[in-house]
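> Dropping the sequence and predicted coords here.
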Amino acid sequence: MLAEVRTLQDIPRIGDKMSKRFVDHFGSENQALDAILAGDIASISEVEGVGQRYAISLMQDVASRVEGVNVSDFLRTKESMDVYEKLLDLVKEFAHTRYSRDKLHIFFPYPSAKVEKIMKVRESVSYYMETAKLLETDETIVDLLSKTTQLNFKHQCPKVRDRVIITSDQDSYEYARKRFAGLVDVNFARSLSEFIDVSRGFSQVIVVGDDYLSFDLPEDVEPEFFSDMQEIDDFKVIPEKEIVAFSRNLKSLESSIKVIRLLRSRGIDFFDRMDDDKLELLASTLALIDENGDIAHGTDEEVDRVSDAIDKLSSTVSETVRFLNDSLNSCLENSQMTLSGQDMLKVMNGTIELKEMLGKKLHKSYHSIVKECTDRICNELQLERKERLMVDSLFPEEIMHPVEADVDKLNALKQHLKTKSLKRKFNHKREVSRILSSYREIVREMVREVLDFDVGFAIGTFAQEYNLMMPEIVEHTGIGFNGGRNLFLLSRHGDVVPIDYSVGENSLSPRDEASRVVLLSGVNSGGKTSLLELLAQSIILAHMGFPVPAGHMELSLTESMYYFAKSKGTLDAGAFETTLTEFSVVADDSAKFVLADELESITEPGASAKIMAGILEVLTENNSTMSIFVSHLSEQIMENTTCDIRVDGIEASGLDADLNLIVDRSPRYNYIAKSTPELIVERLSKKTEGKEQAFYDKLRSKFQ
Ligand SMILES: Nc1ncnc2c1ncn2[C@@H]1O[C@H](COP(=O)(O)OP(=O)(O)OP(=O)(O)O)[C@@H](O)[C@H]1O
C-alpha cells in the first residue's frame, strides 16, 4: 500500500518513545524525517536504542510504505537474500565512508511491476559508471571522500571568559542573562566605579545603554557601546557560538569543498545550489579558523606577531636575564677601579658608601648591557613602541646583582599582549561568524550531497572494477549472456573462465531453442553451482537497476526470484516437507525465476527424480517463468516426464598435465553431460602412491 510519510508516527516501528529519541537526536522532527527519507542509515543507527540492523529494517519499512514494495517481495528464499547481501558486501568494499556503506542498503531488487523504479536507478547508476570511468586515475578523490564525515552541530560553545556584557538597565540585564546564559558573563553596574572595576577584569567589554558613554574612562578600559541589546546580532557578542559549529566539522567541510572543486574541474555538474563564488567565500572563510575555533595562524600578521610574542615571552626573558648576568659578571671580573685620594677620604668619613661609588663607576657599563638585553628581547619578540617601553621597565635603573626581571612588569606586558591579541581576534571572529551564519543550512546539504556522491561513486567503481555492463531488458521471457563471470569467484580468485549461456527467448539463445525450463547436468566440480549463482547474481543486480557481470546480457524482468541452494548434508523428513511447501508457491502464474541446485538431496534418488519431474512439469505450464535446475539425475528425471524440458550439460574431456579437469565451463545445449566421477578418481590415483593409490585404482577399475 502506498502512503506518504509526513510525521515520525507514520512509520510503523516508531512509537512515542522512539519518536522522542529521534527528535532529541536530530534536533527536530523535520530533520529526523529528512534523515529517514534520505536513507541516512548511518545517522539513524546513532539514535539511542537503534543499531545498524534496526536502522536498515526501518529504512526498508519506510521504502515499503512510500514505494509499496519490500526487499522480500522479489527475493523469496533465504538463499536469494544471502546472494543479495553478499553482493552488497562486494559493493561496500568500494565505499569510502560509513555513511555510504550503510546507505547502500537502500538499494534492493524490485519486482517487474516497479519497472519505472528500476529504470530510474539504472539511469543514476549509469551516470555514476561514467563518472567512475572519468575519475578512474584520480587518487585524490578517494582520499578526500574518506575524510568526509557527517556534520555534527551538537557541539556546545564553551563559555568565553575574557568577555563581559555590562549594563545599568534592569531589563537589558535580564534579557542578556537569558539570551547569553552560559556563554558570557553579564554584569549589572550600579555606578561608574563599579563599571570600571568590572571592565578591568575582562579584555572585551560590551556595554549596553548610554549611561557611561559621556565619561572619560581610564586608558585601560576600552568598552564597546551598544544602545539596544535586542538589536545586536549574536555574532557581535558571541561569534564563537557560530564558529564552533564549523570549526568542529572543519575537516569534513574542507574535504567536501575540495571534492566539489575537483568534480567541477572535471566538467561534472555538482551541487549547483552553491555557485563557485559562494563556495570560494566559504573556503576562504573557513581557512581563517582552526579546529578549536581560534583564528588560524597565517590569517593576520599582527595576530601572529602578538601570539608568537606571548608564546616566546617567558623563555626569551629568562634566557636574556641569564645572558645579562653573565655579561655583567665578566664585565666586573675584567674591571679595575682606581680610587683617588678624594674618594678614599669620602669613603673613610662616611659621606659615600663604597657600593655607591662602585655603582657610579659601573653605571655606564651596566646600562649599556641592560640596553643591549632589552633590545634583544624587543627584537626577538618583534615588539612595537608601547610594548618596548614596557620591556624597558623590566630591569631596575639602579645596579642590581644578580639582575632579575620585575615579575609584575613582566605579567603586565604579557597581559597587555594577550588583550591586544584577543581584541584583534575578536574582530576577525565577528567577521568570520557573520559570513558563516549564512552557510549553516547549506553546508549540511553540501556535505550530505558529497556523501551521497560516495554512494553512487561506490557503485560506479564497483562496476568499473568488475567490468560490469548494464543488461538489456527484453520483452520475451528469457535470460541470455556472453562472457558471464561469477562475481563471488571473481572477487576470490581475481580471474574466471567467462561463460555463455541462455535460457528462454532472447537474441543469444541457440536457433529454435527457447526452452524456459532447463535441467543442468554435468561433471563434478564443472561449475554448475557457480553458473547458477552467476544467474542469481545477475538477476538480482538487474532488478536492482545495477549492471551485471557479463559482456552482454539480455533478460526479461520478473515479479520474483526463488533460489534454492544445494543443501549441506542429508535432509530429514521434516526438511523434505518444508522444501516441498516452499516449492508449492512456485505454481502460481506470476513471472519468476526459479533456480534450484541439486534438489535431489531432499530424499532418496528414485523418489526425488519423480518429485523434480513433477515440479518441472508445473513450471513449464507458466509461460513467464524461467527455471534452471542443477541435477545429477537428469536421465532419471527425463524418464519420469513427457514434458518438453531441455537438458544442458557441462562436460569434462579429461585431465590436463597438472591433473586439473579440462572443462568447457559454458554448458552445451540439449546435451546430457556425464558426471564423470571416474575423472576425479583418476586424479586421486595419479596424485597418490602405495596403498592409497591401490585403493583408487580399485575404484577406477569399476568404471572400465
Ligand atoms: N567459470 C569458472 N571459471 C573458473 N573456475 C570455475 C568456474 N566455475 C567453477 N569454477 C571452479 O570450479 C569449482 C567447482 O565449481 P562448482 O561448485 O560450481 O561445480 P559443480 O559443477 O557445482 O560441482 P558439483 O557437481 O560437484 O557440485 C569452483 O569452486 C571454482 O573454483
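Yep, it's here. Numbering: from 1, shown residues only.
> Please tell me how far the residue nearest to residue 161 when sequence neighbours are not counted sits from the ligand.
Spatial nearest neighbour of residue 161, excluding adjacent residues (Cβ to Cβ, 6 or more residues apart in numbering): residue 185 at 7.8 Å. From N, CA and C alone the C-beta is placed, and that goes for glycine too. Using Cβ to the nearest ligand atom, to the nearest Å, residue 185 is found at 73 Å from the ligand.
> before we move on, what about residue 82?
As judged by Cβ to the nearest ligand atom, residue 82 and the ligand stand 16 Å apart.
> and that residue, how many residues sit next to it?
Neighbour count of residue 82, defined by other Cβ atoms under 10 Å: 14.
> what about it, which helix or strand?
Using DSSP states H and E, residue 82 falls within helix 78-92.
> Close to the ligand: what parts of the protein are there?
Residues of the chain lying close to the ligand (Cβ under 6 Å from any ligand atom) are 489, 496-497, 499, 522, 524-530, 665.
> what's the closest of these to residue 552?
Set against residue 552, the nearest of the residues of the chain next to the ligand by Cβ to Cβ is residue 499 (12.4 Å).
> which residues of the stretch 251-400 of the chain score low on pLDDT?
Within the stretch 251-400 of the chain, no range satisfies pLDDT under 70.
> Quick check: residue 127 touching residue 456?
Yes - between residue 127 and residue 456 a contact is recorded at 7.3 Å, counting by Cβ atoms under 8 Å.
> more crowded one of the two?
Of the pair residue 127 and residue 456, residue 456 is the one with more neighbours under other Cβ under 10 Å, namely 17 against 13.
> helix or strand right after the host helix or strand of the more buried one?
Per DSSP H and E, residue 456 falls inside helix 440-465. Per DSSP H and E, the first helix or strand lying C-terminal to helix 440-465 is strand 472-473.
> Pull the helix or strand residue 535 falls within out as CSV, backbone CA atoms only.
Using DSSP H and E, residue 535 falls within helix 528-544. Coordinates of the C-alpha atoms in helix 528-544 are reproduced here as CSV (Å, rounded to 0.1, in the frame of the first residue of the first chain):
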residue,chain,number,x,y,z
LYS,A,528,27.1,-25.9,-12.3
THR,A,529,26.7,-24.3,-8.9
SER,A,530,28.8,-21.4,-9.9
LEU,A,531,26.7,-20.8,-13.0
LEU,A,532,23.5,-21.0,-11.0
GLU,A,533,25.0,-18.5,-8.6
LEU,A,534,26.0,-16.3,-11.5
LEU,A,535,22.5,-16.4,-12.8
ALA,A,536,21.2,-15.4,-9.3
GLN,A,537,23.7,-12.5,-9.0
SER,A,538,22.8,-11.2,-12.5
ILE,A,539,19.0,-11.5,-11.9
ILE,A,540,19.3,-9.7,-8.6
LEU,A,541,21.6,-6.9,-9.9
ALA,A,542,19.4,-6.4,-13.0
HIS,A,543,16.3,-6.0,-10.8
MET,A,544,18.2,-3.5,-8.6
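> tilt between that helix and helix 78-92?
For helix 528-544 against helix 78-92, the angle by axes from the mean of the first three to the mean of the last three Cα atoms, to 10 degrees is 70 degrees.
> I would like the residues contacting the helix or strand following helix 528-544, please.
Counting by DSSP H and E, the next helix or strand C-terminal to helix 528-544 is strand 552-555. Here strand 552-555 makes contact (Cβ atoms under 8 Å, 6 or more residues apart in numbering) with 469, 471-474, 478-484, 506-508, 538-539, 542.
> again, 7 Å this time
With contact meaning Cβ atoms under 7 Å, 6 or more residues apart in numbering, strand 552-555 is reached by 469, 471-474, 478-482, 506-508, 538-539, 542.
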